[in-house]
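A.B. asks: Could you work out the structure for the sequence below:
(4 chains)
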Number of protein chains: 2
Amino acid sequence: MQQKLTIGMLSKQSDVKVETIRYYERSGLLPIPTRSASGYRYYDGEDVKRLRFIRRGRSLGFGLEEIRSLLQLADQPQQPCHEADQLVQAHLAEVDAKIRDLQAIRNVLEQLAGCQSQTAAHCRLLEALEERVCCSTR
Amino acid sequence: MQQKLTIGMLSKQSDVKVETIRYYERSGLLPIPTRSASGYRYYDGEDVKRLRFIRRGRSLGFGLEEIRSLLQLADQPQQPCHEADQLVQAHLAEVDAKIRDLQAIRNVLEQLAGCQSQTAAHCRLLEALEERVCCSTR
DNA sequence: CTTGACCCTGTAGTCACTACAGGGTTTAGC
DNA sequence: GCTAAACCCTGTAGTGACTACAGGGTCAAG
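C.D. replies: Numbers count the residues shown, from 1 in each chain, chains lettered A, B, ... in the order given. Next up is the predicted model:
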């Protein structure tokens, strides 16, 4: 049951790079693993689970500190998950804000794209950045 | 005409922090300014323009290297702006990709938000991260 | 003449990795 | 038994775009 995985195997099973795994260990997100006589790290199925948990959290855009909190919550199944929900709500609000920001940027860029000007002097983008008013605004 | 601005005044007129101005100078985005006898940097109207150009570029999400290219293009008004348009198009594609990523994240978060579970053991978020299947999916 | 607001340099910290350099270990094939 | 490839180790430095000191010097007002 206690399969011994090297860091490379753990990397493949969790889809997290070897260097990143060591980084997570340094950051205290992963427990300090046992070692072989020659110093190789050994992992087991629990580590795979934990690392996948981290990866999924990251892919949802949570920061490592938020994930640290979530890991603690997950280790205490009796406690209410109010705190986890707060993290979700706060993160959702952040993501929404970022989307809005990017869409505003997107709208401006779209207007600037497709400039065919022969000279930079009349380039839509450069005009916009220099706040010149010329022929760019429609 | 040759108004002498201190870095603090330039900062206010351009809405860029003092430390950031010095950072841009180190990065070669701003020309090396003249100095007072005691070593204070002096700026003029051209610097205000250039710095605002950079700030607007940043607010559209361009990186400093892209802005460096754009500044060069802006300095050569005779040249065609093909390159500037390429930068816009490439950046637009990047922004679109980011928006898509964030919207996918947003959709997941929305489903996870509002969890009222009394115990972390049944928390929607924790289930999702652990890839447990329980009561969360609907 | 002192107080406070400004300015200087240089360095280190942020975030989440990523990329070496310079080694040691294990494994597969011959 | 030997060699080469593929793996592992530590430690440090780099990424982008700032931001935040520490530890000083300068200037203007009252």
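A.B. asks: wait, does the helix or strand of chain A with the lowest mean pLDDT contact chain B?
C.D. replies: For chain A, scoring each helix and strand by mean pLDDT, DSSP states H and E identifies helix A:124-130 as the least confident one, at a mean of 80. Yes: Helix A:124-130 comes into contact with chain B (CB under 8 Å from any CB of the partner chain), by way of A:Arg124, A:Leu125, A:Leu126, A:Ala128, A:Leu129, A:Glu130. C-beta coordinates here come from the backbone N, C-alpha and C atoms, glycine included.
A.B. asks: Could you list which residues are in contact with A:Ser69?
C.D. replies: Listed by CB atoms under 8 Å, 6 or more residues apart in numbering or on different chains, the contact set of A:Ser69 reads A:Glu83, A:Leu87.
A.B. asks: repeat that for 7 Å
C.D. replies: Contact criterion CB atoms under 7 Å, 6 or more residues apart in numbering or on different chains gives A:Leu87 as the residues in contact with A:Ser69.
A.B. asks: That one sits in which helix or strand?
C.D. replies: Element membership of A:Ser69, judged by DSSP states H and E, is helix A:64-74.
A.B. asks: Residue numbers of chain A in contact with DNA strand C?
C.D. replies: Of all the residues in chain A, those in contact range of DNA strand C (CB under 7 Å from any atom of the strand) are A:17, A:19-20, A:23, A:36-40, A:58, A:63-65.
A.B. asks: go again using 10 Å as the cut-off
C.D. replies: Proximity of chain A to DNA strand C (CB under 10 Å from any atom of the strand) is limited to residues A:6, A:16-24, A:26-27, A:29, A:36-40, A:54-55, A:57-59, A:61-68.
A.B. asks: Could you give me the buried positions within the helix holding A:Ser69?
C.D. replies: Of the residues in helix A:64-74, those with enough neighbours to count as buried (16 or more other CB atoms under 10 Å in any protein chain shown) are A:Glu66, A:Ile67, A:Leu70, A:Leu71, A:Leu73, A:Ala74.
A.B. asks: Output those residues in TSV, with pLDDT and distance to A:Ser117 appended to each entry.
C.D. replies: Written out in TSV, the entries for those read as follows (pLDDT from 0 to 100; distance: CB to CB, whole Å):
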residue	pLDDT	distance to A:Ser117
A:Glu66	94	46
A:Ile67	94	48
A:Leu70	91	51
A:Leu71	92	54
A:Leu73	88	56
A:Ala74	88	56
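A.B. asks: closest point of chain A to DNA strand C, which residue?
C.D. replies: A:Gly63 (2.9 Å; CB to the nearest atom of the strand).
A.B. asks: where does that residue land on pLDDT?
C.D. replies: What the model reports as pLDDT for A:Gly63 is 94.
A.B. asks: thinking again about what came up before, check which element follows the helix holding A:Ser69 along the chain.
C.D. replies: Using DSSP H and E, the helix or strand that directly follows helix A:64-74 along the chain is helix A:82-112.
A.B. asks: What mean pLDDT does that following helix get?
C.D. replies: Mean pLDDT, taken over the full extent of helix A:82-112, equals 93.
A.B. asks: Quick one: check that helix for contact with chain B.
C.D. replies: Yes: contact between helix A:82-112 and chain B is present through A:84-85, A:88-89, A:91-92, A:95-96, A:98-99, A:102-103, A:105-106, A:108-110, A:112 (criterion: CB under 7 Å from any CB of the partner chain).
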